[in-house]
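Trainee: Pasted the sequence and its predicted model underneath.
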Amino acid sequence: MATNGVQQAFAPVLAALRTMQSNVNRAQKEQAHQYLEQFQKSTEAWTTTIAILQTSDATDEARLFAATTLKGKLPRETLPQLRDTLLSLLSTFSKGPKPTRTQLCVCLANLAIQMLEWKDVLQVVVSALGNDPSSIACVLEFLHVLPEEVTEGRKINLTVRAAESPFLGVSPSPRGACISI
């Protein structure tokens, strides 16, 4: 459960999402859309999205937005903490809603690709989620999206350390190293 201060921090995001789903004029929807795009690019987006996912006050649509935003926000200095948080969130959302669970699995897969020091990915995921029969679908979904994230030709921003890996085909990019397979 998020604290009141954290809830106030993500209140504008939830308000913008409600605007996007409501029957308001086009200008208001455009303003809400622009706010959400700016939010997704912000440095505080990852902490806010985690808070949205951890609160009971958010709608399924808000949680899906948060999970989708989170997969694009993997700050290097917080990867181990983020991994633990994602595993906890996957445990929470193991029964659904499925779109949110899928986005969290994709986020964890992207993190696993970037976090070269995480050598026991499958063991940790199965250990964290596989002991509860209701979480088996979540483990299977992670096992499904992990190879897709590596092979589907998506570009994943890599840290410099990950970009130096001899095991990854990396192309230099003006916006940072990207892997494309």
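Mentor: Okay, I see it. Residues are numbered from 1 along each chain as shown.
Trainee: use CA for all of it now, contacts and neighbours both
Mentor: Fine.
Trainee: which residues touch residue 19?
Mentor: Going by Cα atoms under 8 Å, 6 or more residues apart in numbering, residue 19 touches 28-29, 32.
Trainee: for residue 89, that is, sorry about that
Mentor: Residues counted as contacts of residue 89 (Cα under 8 Å, 6+ apart) are 53-54, 104.
Trainee: hmm, back to that, can I get the contacts of residue 19 in TSV with secondary structure and pLDDT?
Mentor: Converted to TSV, those look like this (DSSP: H, G, I helix; E, B strand; the rest coil; pLDDT from 0 to 100):
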residue	secondary structure	pLDDT
28	helix	93
29	helix	92
32	helix	93
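Trainee: what bits of the protein have low per-residue confidence?
Mentor: Counting by pLDDT under 70, the chain shows low-confidence ranges at 1-8, 153-181.
Trainee: now the strands for it?
Mentor: Secondary structure of the chain by DSSP state E: the strands cover 156-157, 170-171, 178-179.
Trainee: can you pick the most crowded of the contacts of residue 89?
Mentor: residue 104 (27 neighbours; other Cα atoms under 10 Å).
Trainee: Share the number of residues neighbouring the residue nearest to it when sequence neighbours are not counted, please.
Mentor: Counting by Cα to Cα, 6 or more residues apart in numbering, residue 104 lies nearest to residue 67, which is 5.7 Å off, once chain neighbours are set aside. Neighbour count for residue 67, taken as other Cα under 10 Å: 27.
Trainee: what ranges do the helices span in the protein?
Mentor: Using DSSP state H, the helices of the chain run over residues 4-21, 26-41, 45-54, 60-70, 79-92, 98-114, 121-129, 136-151, 160-163.
Trainee: Please verify my assumption that residue 73 contacts residue 45.
Mentor: Yes: contact criterion Cα atoms under 8 Å: residue 73 and residue 45 qualify, at 7.4 Å.
Trainee: Contacts only, for the closest residue to residue 73 other than its chain neighbours.
Mentor: Nearest non-adjacent residue to residue 73, counting by Cα to Cα, 6+ apart: residue 46, 5.7 Å away. Counting by Cα under 8 Å, 6+ apart, residue 46 touches 69-70, 73-74.
Trainee: which of those lies closest to residue 90?
Mentor: residue 70 (13.0 Å; Cα to Cα).
Trainee: circling back: now the residue nearest to residue 73: how far from residue 70?
Mentor: 6 Å (Cα to Cα, to the nearest Å).
Trainee: same deal with residue 90?
Mentor: From residue 90 to residue 70 the distance is 13 Å (Cα to Cα).
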